[in-house]
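Asks: after the sequence you'll find the predicted model.
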Amino acid sequence: MQPEFAVCPEVLESSNAIFDRPEFSVADQSELGNRPTAEDIRLVLAELIGQRQFDHWFRQKTRLTIEHGELVVYSANPFLQKWVQKHHRGALSHAAREVLGPSAGVRFDVDAELALSPTVAKGPPQENRESPAPRQVDDAPPGRGVPAGAAAHPESAANAPARPGRRFADLADFVAGPCNRLALTAVEQVCERPDGAAGPLFIYGPVGAGKTHLLEGVYRRIRRENTSLNVVFLTSEQFTNHFTQNFRGHTLPAFRQRFRTVDVLLVDDVDFLDAKRAVQEEFLHTYQQLESHGKLVVVCGDRHPRLLSKISDELKTRFLSGMVCRLEPADLETRERIAVCKARRMNADFSPEALQLVARRFAGSVRELEGALCCLQVYHRMTGKRVGASAAREVLGDLERDCLRVVRMADIERVVCDLFGVDAADLKSSRRTRSISEPRMLAMYLARRHTRAAFSEIGAYFGGRNHATVIAADHKIAAGVAGNVEVQVASQTWRLADVVETLEQQLLAS
């Protein structure tokens, strides 16, 4: 049976001749059904300018695309665009003509995303779901070579295992309790309404209370449930570094384009902006731009916005314009549940009594609790035995002795003076005005609780007062804490219990 169609020998010889030509290009492949890609242009360009130059100027700082039969070269900033256009326009045009055909043109443009995006290796940058923090790009000036060894063995770099992205905490793993329920509810609210309708959110609290966990949980949930939104998570230190880099490189428009066009901005450790006036000004304008366009902003810090003494008033009022939530240190019941949850993820065998011991002894922060569990996990691996209460007491006892914190009356004097804005000389003077007497009584109360000094020693330190004065101050502050008495701190009214707690946290952290 003869085939229905036969190939003419002349046509077959002609088609074979096309493939046999030395100048056969990807453009000819396109005519035969294979569509050219930007990767084909990269391969040709690397051969023309050398792998070293290609890796330095094109692999991470530019991206190539084909649009309507034209090669478009996107650069991270105008400076790099001009330099690439000046030094590599000929090679790019040659590569475009070889791949796309003799009529192909080259167009140069700026893509602000490249200035802060992850490494661009092939084609347009793909968003890394687990690495939202922008990566800095080394915009080295022309003439500087690649560091020695950076591209000496490209094949080994290509075969090297990829570094895993940042692991973000999940809200489902956050242990709720009376100490954090309000903040967790506010976080769940903004996750349900990431369009900014819930307003900005400011979360503050002591170290190890779970602020970063909540912020990472917001990022992870919004990215999972709203894939079309542009969500950025970073610390204020990273924001400062990006601003400084772009300011020095004269690329602030690209920086502003990157951060003022996001849908959700999550910033951790905002207290890092203290005394950085230029960065504060830039962050303020970014905050205003996002808020005015109905975008969501969530910020975390270690203090209430009013206590950020080195932050501009304009920025403070922005923080106060939305929901402000405090994370309290975890109570005993919450710490016990946290210990159980973290122990389940460890390859170790803990008794319930050992976990309760850890929860009771490490009340400062969740990080300390987790560190104690890690010590017990190593002990379990070393002995192969179940970690009971006695073993935990022995191991953690050594750990606590190494980390013993001794509070001096000079430390108490310092934190009280810093909070109330008074001088140490006034605290020890004979003045009896309320602005001086209340801080003095608080200092005596804290000295009695956190030092082993006798009443007479405390009275002698704070201006040569007798022991009866110290006893009266101790009783008065204790009664005020129990009775929810309010005191004046600067221009604000605080509960006396909150003032004592704040001072104690500063004492233990210093």
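Replies: Received, thanks.
Asks: who does the helix ranked longest in the chain touch, helix- and strand-wise?
Replies: In the chain, taking DSSP state H as the definition, the longest helix is helix 78-100. In terms of contacts (3 or more CB pairs under 8 Å, 6 or more residues apart in numbering; DSSP states H and E), helix 78-100 is packed against helix 26-31, helix 38-49, strand 62-67, strand 70-75, strand 106-110. Where C-beta positions appear, they are placed from N, C-alpha and C, glycine not excepted.
Asks: what residues does the longest one touch?
Replies: Yep, that's helix 38-49 we're talking about. With contact meaning CB atoms under 8 Å, 6 or more residues apart in numbering, helix 38-49 is reached by 26, 54, 58, 63-66, 71, 88, 91-92, 94-96, 98-100, 122-123.
Asks: just to revisit the earlier point, give me the mean pLDDT for the longest helix of the chain.
Replies: Helix 78-100 comes out with an average pLDDT of 83.
Asks: angle of it against strand 62-67?
Replies: Interaxial angle of helix 78-100 relative to strand 62-67 (axes from the mean of the first three to the mean of the last three CA atoms, to 10 degrees): 50 degrees.
Asks: can I get helix 78-100 in CSV, CA atoms only?
Replies: Listed in CSV are the C-alpha atoms of helix 78-100, where the atom choice follows Å, rounded to 0.1, in the frame of the first residue of the first chain:
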residue,chain,number,x,y,z
PRO,A,78,18.9,54.1,34.8
PHE,A,79,22.6,54.0,35.5
LEU,A,80,23.0,50.4,34.7
GLN,A,81,20.7,50.8,31.6
LYS,A,82,22.9,53.5,30.2
TRP,A,83,26.1,51.5,30.9
VAL,A,84,24.7,48.3,29.3
GLN,A,85,23.4,50.3,26.3
LYS,A,86,26.8,51.9,25.8
HIS,A,87,29.0,48.9,26.2
HIS,A,88,26.9,45.9,25.0
ARG,A,89,24.4,47.3,22.5
GLY,A,90,26.3,45.8,19.6
ALA,A,91,26.5,42.4,21.1
LEU,A,92,22.8,42.5,22.1
SER,A,93,21.8,43.6,18.5
HIS,A,94,23.9,40.8,17.0
ALA,A,95,22.4,38.2,19.3
ALA,A,96,18.9,39.5,18.6
ARG,A,97,19.4,39.3,14.8
GLU,A,98,20.9,35.8,15.0
VAL,A,99,18.0,34.5,17.1
LEU,A,100,15.0,36.6,15.8
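Asks: so which of the helices and strands packed on helix 78-100 is the most packed in?
Replies: strand 70-75 (a mean of 20; mean count of other CB atoms under 10 Å).
Asks: quick one: strands adjacent to that one?
Replies: Looking at strand 70-75 with DSSP bridges, its partner strands are strand 62-67 (antiparallel), strand 106-110 (parallel).
Asks: how about JSON lines for those, with distance to residue 437 added?
Replies: Listed next are these as JSON lines, based on distance: least, CB to CB, whole Å:
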{"stretch": "strand 62-67", "distance to residue 437": "67"}
{"stretch": "strand 106-110", "distance to residue 437": "63"}
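Asks: what are the boundaries of the strands in this structure?
Replies: 62-67, 70-75, 106-110, 201-204, 231-235, 264-268, 296-301, 323-326, 486-489, 492-495 (DSSP state E).
Asks: mind splitting this structure into its structural domains?
Replies: By the assignment in automatic domain parsing, the chain contains the domains 24-115, 171-326, 332-402, 409-509.
Asks: and the end-to-end length of the second one?
Replies: From the first residue to the last, domain 171-326 extends over 17 Å; the measure is CA to CA, to the nearest Å.
Asks: just confirm residue 72 contacts residue 107, I think it does.
Replies: Yes. Counting by CB atoms under 8 Å, residue 72 sits close enough to residue 107 to count as a contact (5.0 Å).
Asks: shared neighbours of those two, anything?
Replies: With CB under 8 Å, 6+ apart as the test, residue 72 and residue 107 reach no residue in common.
Asks: quick check, residue 210 in contact with residue 325.
Replies: No. The criterion here is CB under 8 Å, and residue 210 misses it with residue 325 at 11.3 Å.
Asks: neighbour count winner among those two?
Replies: residue 210 (28 against 21; other CB atoms under 10 Å).
Asks: how about that one, what does it touch?
Replies: Counting by CB under 8 Å, 6+ apart, residue 210 has contacts 174, 180, 183, 327, 330, 366.
Asks: let's see it at 6 Å
Replies: By CB atoms under 6 Å, 6 or more residues apart in numbering, the contact set of residue 210 is residue 327.
Asks: pLDDT below threshold where in the protein?
Replies: The chain contains residues with pLDDT under 70 at 1-34, 103, 112-113, 115-165, 398-405, 508-510.
Asks: what's around residue 277, how many residues?
Replies: 11.
Asks: and it, how far from residue 312?
Replies: 7 Å (CB to CB, to the nearest Å).
Asks: try residue 233
Replies: Using CB to CB, which is the criterion applied here, residue 233 is 24 Å from residue 312.
Asks: between these two, who's got more neighbours?
Replies: residue 233 (25 against 15).
Asks: what is that one paired to in the beta sheet?
Replies: residue 266.
Asks: test my guess that it contacts residue 217.
Replies: No. Using CB atoms under 6 Å, residue 233 is not in contact with residue 217, being 10.6 Å away.
Asks: thought residue 199 was touching residue 322?
Replies: Yes. With contact defined as CB under 6 Å, residue 199 reaches residue 322; the gap is 4.1 Å.
Asks: give me the more crowded residue out of the two.
Replies: Each of residue 199 and residue 322 has its neighbours counted (other CB under 10 Å); residue 322 has more, 20 against 16.
Asks: of all the helices and strands packed on helix 78-100, which one is nearest residue 375?
Replies: strand 62-67 (47.4 Å; CB to CB).
Asks: so what's residue 279 closest to, chain neighbours aside?
Replies: residue 240 (4.9 Å; CB to CB, 6 or more residues apart in numbering).
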